[in-house]
Each structure stands twice: as structure tokens, then as C-alpha cells.
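*Asks:* missing the sequence, but the structure's below:
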């Protein structure tokens, strides 16, 4: 369909999971991509494999940038890298995140700090860098944050995670007001449980997976593609007058106790 034809899209944490799904769906719609990954050997290998896959399937431009976004000037350098190699940035997808469930009574200060550092501070700084570029360029843009349905519906063992994700939602809503005059749009996608390696680490046995599927009215948890299609909507001109909003993509599970 080409909804993102020739748009330059930066996706953080794109070597696997939801980020990888976003890369595939954006490439299918004609986007040129900057594939960010954490910078580890495994993440680099996964990103390279994705790059080859995208170029083979969609003949798209895809370049790779590896860095821990919590370190130094990495957020600014990611946007600088995208601009220097592809000319500008039209869309930023904030996907990089940490997810480590634990009962609230057992959560340590360091665990809270790690979630806030990755899920909010790094996200803020990348968004800040992309916003500055979009303002200076003068053509507007779209910034999309992958949050979580846990910011709207309470559940167990995720208070620290949900808090860090709620901060991202609040950021998008406030920046939508501040930078609306620059035609920059800020929106969120709120997934429920999604079939990724990150979730699989904590829901590894068959019975637990069946129980998770059963909690969703549609009978299954989301796939990365389910989440990515909403990202495409926010990235495309279909949502040209939509900002400060969120879409919950969880198959209706928010309407049941998690």
C-alpha cells in the first residue's frame, strides 16, 4: 500500500520482539529504516539478520545503529546518525524497554532505577533529540511510544514497570500540546501481553501460556505484527490530525482482571 513510502523511520530496540515487528510492517509500507539495537553481540547479530530480511523481502533501505541508550550521548547520537546517513527523520518509534516482573515488596531501588532509566529517561532523551531535529527541519513528524495496557489497568508484579511506562504516556500527551504548532504528533500504543522473547522468559510453561491466552477475550495474546499495525497508523498520514492519543492493542484483555 505504501502508507510510509520514503519516510525515514527510526525504531529503538528493533532487533527483536515488537521492535522487529514494527520494522517489518514499516518496511512493507515503503519506509526507510534505522534499526537501533542495544549494542551487544547477540543484538548486533539479530539486527543484521533483520536488515538482510528487510532488504530481501521489501528492497528497502535499512541501516543499523547499536548503543545502550542509557549511556552518555547515545540518544542524540542515534538521531544524528539517522540524519547524517538518510538526511532526516520523519518518524521515531520509542520501543526499547526493560520488563522484569517482581512482587512490589521485593522490588529494589536498583530495579526501579533501571526501569526508569530505560523506559523513561532514555525515551525522553531520544524524543527530545528527534523533536529538536523535526522543529529545525520544519516539516513536522510523528513520534510514537510503545507503552503498556498496565498503565490503565492494574495487575500484580508490575508496579515498577507500569509506573515507568505511564511516564512515557504522560510525556507524549504533554509534548503533543507543546509541539502541536510545529506539526509534530505524539501518540502511544498500549500493548497487552505479546508473544515476544521478553514475555516468554516469564511465561515459559504450557499451562501458564494457556492461562494467559484464556484471559484475552479473543483467545490469544498479541503478536508483534498486531502492535506494529497501530504504529503504522500513527506513523502515516492516516493519523495526520491525531496527537496526544493512545490505542490499546490487547484483544480486550483490559476489560478483564489481568
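*Replies:* That came in fine, so what should we check first? The structure presented is a predicted model; accordingly, all values stated were derived computationally and were not measured.
*Asks:* Strands of the protein, residue ranges please.
*Replies:* 8-11, 32-37, 62-66, 91-94, 141-146, 184-191, 246-249 (DSSP state E).
*Asks:* Residue 178 is nearest to which of these?
*Replies:* With C-beta to C-beta as the measure, strand 184-191 is the member of these nearest residue 178 (9.1 Å). Every residue, glycine included, has its C-beta placed from N, CA and C.
*Asks:* circling back: as JSON lines, the strands of the chain with mean neighbour count would be great.
*Replies:* Below are those laid out as JSON lines (neighbours: other C-beta atoms under 10 Å):
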{"stretch": "strand 8-11", "mean neighbour count": "26"}
{"stretch": "strand 32-37", "mean neighbour count": "27"}
{"stretch": "strand 62-66", "mean neighbour count": "19"}
{"stretch": "strand 91-94", "mean neighbour count": "29"}
{"stretch": "strand 141-146", "mean neighbour count": "28"}
{"stretch": "strand 184-191", "mean neighbour count": "25"}
{"stretch": "strand 246-249", "mean neighbour count": "20"}
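*Asks:* Could you work out which of these reaches nearest to residue 197?
*Replies:* strand 32-37 (13.6 Å).
*Asks:* For the chain, name the helix or strand with the lowest mean pLDDT.
*Replies:* helix 197-200 (a mean of 70; mean pLDDT, DSSP states H and E).
*Asks:* Nearest to residue 158, out of the strands of the chain?
*Replies:* Of all the strands of the chain, strand 184-191 comes closest under C-beta to C-beta, at 13.1 Å.
*Asks:* picking that back up, could you dump the strands of the chain to a markdown table with distance to residue 110?
*Replies:* A markdown table is the format used below for the strands of the chain (distance: least, C-beta to C-beta, whole Å):
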| stretch | distance to residue 110 |
| --- | --- |
| strand 8-11 | 28 |
| strand 32-37 | 24 |
| strand 62-66 | 24 |
| strand 91-94 | 23 |
| strand 141-146 | 24 |
| strand 184-191 | 26 |
| strand 246-249 | 29 |
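*Asks:* Dump the ones you listed to CSV, plus distance to residue 239 and mean pLDDT.
*Replies:* Shown next, in CSV, are those (distance: least, C-beta to C-beta, whole Å; pLDDT from 0 to 100):
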stretch, distance to residue 239, mean pLDDT
strand 8-11, 14, 98
strand 32-37, 19, 98
strand 62-66, 23, 98
strand 91-94, 11, 98
strand 141-146, 7, 98
strand 184-191, 7, 98
strand 246-249, 10, 96
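*Asks:* wait, which of those strands is closest to residue 237?
*Replies:* That would be strand 141-146 among the strands of the chain, by C-beta to C-beta, at 9.3 Å.
*Asks:* Sheet-wise, list the partners of the closest one with their directions.
*Replies:* strand 91-94 (parallel), strand 184-191 (parallel) (DSSP bridges).
*Asks:* burial measure for residue 67, as a count.
*Replies:* The local packing of residue 67 (other C-beta atoms under 10 Å) involves 18 other residues.
*Asks:* Do I have it right that it meets residue 40?
*Replies:* No. Using C-beta atoms under 8 Å, residue 67 is not in contact with residue 40; the gap is 10.6 Å.
*Asks:* Contacts only, for the residue nearest to the spatial centre of the chain.
*Replies:* Among the residues of the chain, residue 95 comes closest to the average C-alpha position under C-alpha atoms, centre = their mean, at 2.1 Å. Residues near residue 95 by C-beta atoms under 8 Å, 6 or more residues apart in numbering: 11-14, 18-19, 22, 146.
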